[in-house]
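>>> Got a predicted structure plus its sequence, pasted below:
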Amino acid sequence: MNRRLSPAPPDPIGQPNALALGVGTGNIAAMLTLYHCKDARSFRALWALEELGLPYDLYVLPFPPRKRYEGMHDINPLGTIPVLFDGDHRLTESVAIPHYLATKYGPSDLAVAPHEAGYAAYLNFLVMGEATLTFPQTIHLRYAVFARPEDRRPEIARDYAEWFGSRLRNAETLMGADYVAANRFTMADISVGYAVMLALSVGLEEFVSEPLRAYFQRLKSRPAYQRALAAQL
């Protein structure tokens, strides 16, 4: 049973309030807690939880949380999302979380094992989705959308948009036929798929080719993707 909860203040040691989250009851449902903003990169973690069918508690915060949610820096010193708590463990990287969940709570075909032929491509695309594809999109958004009107720099925003486009084209040349690795849907598709999802929602759709649109359509049709969308509303 997954629960969406109202944000609760962190306790003094920087962990979410244990009573509010039900931590310590000795089961996974009480242990996995995700801090998330709607459609932000933390969607990768939410999608991964749904793909694995793991019970979790969800806090949906206003964006940007470091400015609009009191105590966010106690949950994550950087003030960003995602933040996933698994008992005493805290993870803050949106592509590490899906792999962590698939390997800790597996075995699962959503991760690719080292002995499999697709292992190298899996790791490469898992990291690529954030480090190579999402990063330039966030800089584009910073200068085109999030900055105050007087601080916006359309020339810089466009440079990073083009940067994203060239790297997306490169990713497409490396992809498999239907999925990015191992001839099946994996957590690496969540990583890359979110980058495509973001591009289509922030005005960078010109860089998304028809094959990539078809790829993302396959991902969108997955029941876990639909459940993740519904969970954040």
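Received the coordinates, thanks. Residues are numbered from 1 along each chain as shown.
>>> quick one: Glu155 from Glu210, how far?
29 Å (CB to CB, to the nearest Å). Placement of C-beta: from N, CA and C, glycine included.
>>> out of all of them, which helix in the protein is the longest?
Counting residues, the longest helix found in the chain (DSSP state H) is helix 154-174.
>>> Report all helices and strands that that one contacts.
helix 119-128, helix 135-141, helix 187-201, helix 210-220 (3 or more CB pairs under 8 Å, 6 or more residues apart in numbering; DSSP states H and E).
>>> In stretch 129-144, which of the residues would be classed as buried?
129-130, 132-144 (16 or more other CB atoms under 10 Å).
>>> Kindly check the end-to-end length of it for me.
21 Å (CA to CA, to the nearest Å).
>>> what does stretch 67-74 give?
OK, stretch 67-74 end separation, CA to CA: 13 Å.
>>> next one: it to chain centre, how far?
Its chain's average C-alpha position is 20 Å from that of stretch 67-74, according to CA atoms, centre = their mean, to the nearest Å.
>>> With stretch 63-79 instead?
17 Å.
>>> And for stretch 97-110?
15 Å.
>>> ok, and for it, which residues are buried?
Buried residues in stretch 97-110, counted by 16+ other CB under 10 Å: 97-102, 105, 110.
>>> Once you drop chain neighbours, what's closest to Val112?
In space, and not counting its chain neighbours, Val112 is closest to Tyr122: 3.7 Å by CB to CB, 6 or more residues apart in numbering.
>>> wait, isn't that neighbour in contact with Ala111?
Yes - Tyr122 lies in contact with Ala111 (CB atoms under 8 Å); the separation is 7.5 Å.
>>> Student question: in this protein, what's the helix or strand with minimum average pLDDT?
Lowest by mean pLDDT, DSSP states H and E among the helices and strands of the chain is helix 18-21, with a mean of 33.
>>> Quick one: the helices and strands packed on helix 154-174 as JSON lines, columns for distance to Tyr69 and mean pLDDT too.
Shown next, in JSON lines, are the helices and strands packed on helix 154-174 (distance: least, CB to CB, whole Å; pLDDT from 0 to 100):
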{"stretch": "helix 119-128", "distance to Tyr69": "28", "mean pLDDT": "98"}
{"stretch": "helix 135-141", "distance to Tyr69": "19", "mean pLDDT": "95"}
{"stretch": "helix 187-201", "distance to Tyr69": "21", "mean pLDDT": "98"}
{"stretch": "helix 210-220", "distance to Tyr69": "29", "mean pLDDT": "97"}
